Structure formats: C-alpha cells, structure tokens
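**Q** sequence first, predicted coordinates after that:
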Amino acid sequence: MAKKIYKRTRTLLEKIDKTKSYGADEAIDIVKSLKSAKFDETFEVALQLNVDPRHADQMIRGSIVMPHGTGKKVTVAVFAKGDKVDEAKAAGADLVDADVLIEQIQAGEINFDTVIATPDMMGILGKVARVLGPKGLMPNPKTGTVTMDVATAVKNAKSGQVNFRVDKKGNIHAGIGKASFTIDQMKENFRVLIEKINKLKPASAKGRYIKSASVSLTMSPSVKLDTTELMEMK
C-alpha cells in the first residue's frame, strides 16, 4: 500500500515545477488535473499574510458567499428566540433549540458546521465560547453570523458561505470548492476570495501583504502561487 501511495504522489509531483510560482489560472488548471482520490476532494487555498494578529486591527477575519457554492452540505445551528426561531427554521436551519445545543456543546458534541446567533443570545453563548472559539465556530458580526436577519444568514451559510480568519502566525486556510467543479467555477470562487482578503488589508500592515500562497486538493501536492499577481486582484 505504501508503495502505491508513493507512486501516486510521485506521479502528481511530476506535473508541478516546485521551483516556480504560478499565475492563478495556470495553477488552478494544474490542480484540477491532480485529482487522484476516489472521493470528491476539496479545492483548498492556503495563504500566509504579513500581519500580526496580536494587534486587533490586523486580525483578518471575514466571510464571503462563493459564486458557485463550496460543494459541501452545511449543517447550520441557530441561537435565537421567539419569532426569530421560526424565521431560522423557514430558511432551512437544522438546529434551533438553544438549550439542547448548549448541553450538547458542553458535552463535546459538535453536530454542525456553522453557528448563527441573534445579538440577544450572545450572553448564553458565552457559556460555550471556550469550546466554539478554538474551532472557529463562535458567531461574530464580521462574518455575518451575529445578526437579527437570521433568514439571510442561514441562506448564505447553506448556499456556500466561507468564513475565514488568520491564525496566530498569519495563515488562512479555506476550502472553496470541489475537484468536480469546472475550471471556470474554481477560478471564479478563487478570485472572489482573494479580492475579499485584499479589501481587508489593514492600513497598519507594512511590506508585502500576501507573503506566500498555494492551492491544492485534499490529497494532492500544493501548487505555489505568484503573490504579486494575487495582490493585484482588487
């Protein structure tokens, strides 16, 4: 089995010049050709930004609805009360019982991909912030997941909203599609993500904003990107 995996990896690596930084279009063409797994691999983007997340104004965080979705079925949990619970259900929310959700989260049961909350429920969510925060699931106004318009938030999540934020080292990782997507779908999803991240560049960030970047599939080697081209995507 190990020999088979090594042979597959070597075959894929032969399609990539590791000494080269590719333009986005060429890189995505190559990534599309790297599909090798039996399942529908995720199209992944990895970026390293020249920011220091310890400073509040350099904590890059946001969300964007992919033009072609992400190809992933998303389970949405909503913390709301009164009429907002009914609105969430009507929009397609999967889990809306706040009391049950709190108990499940405290027990370590995370049965959802996205959490949406109305502002008046954030106090309750404080009980599980230490669980949701490290997993990137804590609702936040910057990602549109703390809102009174729960119907729109649920629809966005279901239709392919990607939430992203830098880690302590300034890295962003995002899955923005599937290997089964067409080349044009991959390229359009990629462009809107990069444009969004460029718009969030803090005024206090000095030097080259995007230090490094690559694209890959779940089981493929990564393809290095030309960061100068990326920073021109506005």
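**A** Perfect, thanks for sending it.
**Q** pLDDT at residue 24, what is it?
**A** As predicted, residue 24 sits at a pLDDT of 98.
**Q** ok, it touching residue 224?
**A** No: using C-beta atoms under 8 Å, residue 24 makes no contact with residue 224, being 11.3 Å away. Bear in mind the C-beta positions are built from the backbone N, C-alpha and C, glycine included.
**Q** those two: which is more packed in?
**A** Higher neighbour count among residue 24 and residue 224: residue 24, with 20 against 17, using other C-beta atoms under 10 Å.
**Q** tell me the contacts of that one?
**A** Residues near residue 24 by C-beta atoms under 8 Å, 6 or more residues apart in numbering: 187, 190, 191, 194, 225, 226, 229, 230, 233.
**Q** same check on residue 181?
**A** Taking C-beta under 8 Å, 6+ apart, we find residue 181 in contact with 43, 68, 71, 189.
**Q** if you rank the residues you listed by neighbours, which is first?
**A** In terms of neighbour count, residue 43 stands highest of the contacts of residue 181 at 28 neighbours, by other C-beta under 10 Å.
**Q** any chance of the backbone angles for the closest residue in space to it that isn't next to it in sequence?
**A** Excluding the flanking residues, the one nearest residue 43 by C-beta to C-beta, 6 or more residues apart in numbering is residue 177, at 4.0 Å. Per-residue torsions, residue 177: phi 170, psi -170 (degrees, to the nearest 10).
**Q** just the buried positions in stretch 146-156, please.
**A** 146, 147, 150, 151, 153, 154, 155, 156 (16 or more other C-beta atoms under 10 Å).
**Q** just put those residues in JSON lines and tack on distance to residue 32.
**A** Shown next, in JSON lines, are the buried residues of stretch 146-156 (distance: C-beta to C-beta, whole Å):
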{"residue": "146", "distance to residue 32": "36"}
{"residue": "147", "distance to residue 32": "36"}
{"residue": "150", "distance to residue 32": "36"}
{"residue": "151", "distance to residue 32": "35"}
{"residue": "153", "distance to residue 32": "32"}
{"residue": "154", "distance to residue 32": "31"}
{"residue": "155", "distance to residue 32": "29"}
{"residue": "156", "distance to residue 32": "26"}
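**Q** can you name the two of those that are farthest apart?
**A** 146 and 155 (16.1 Å; C-beta to C-beta).
**Q** leaving out the residues flanking it, which one is nearest to residue 88?
**A** With C-beta to C-beta, 6+ apart, the residue lying closest to residue 88 is residue 78, at 4.0 Å.
**Q** please apply the same query to residue 11.
**A** Leaving aside its chain neighbours, residue 11 sits nearest to residue 36 (8.0 Å; criterion: C-beta to C-beta, 6+ apart).
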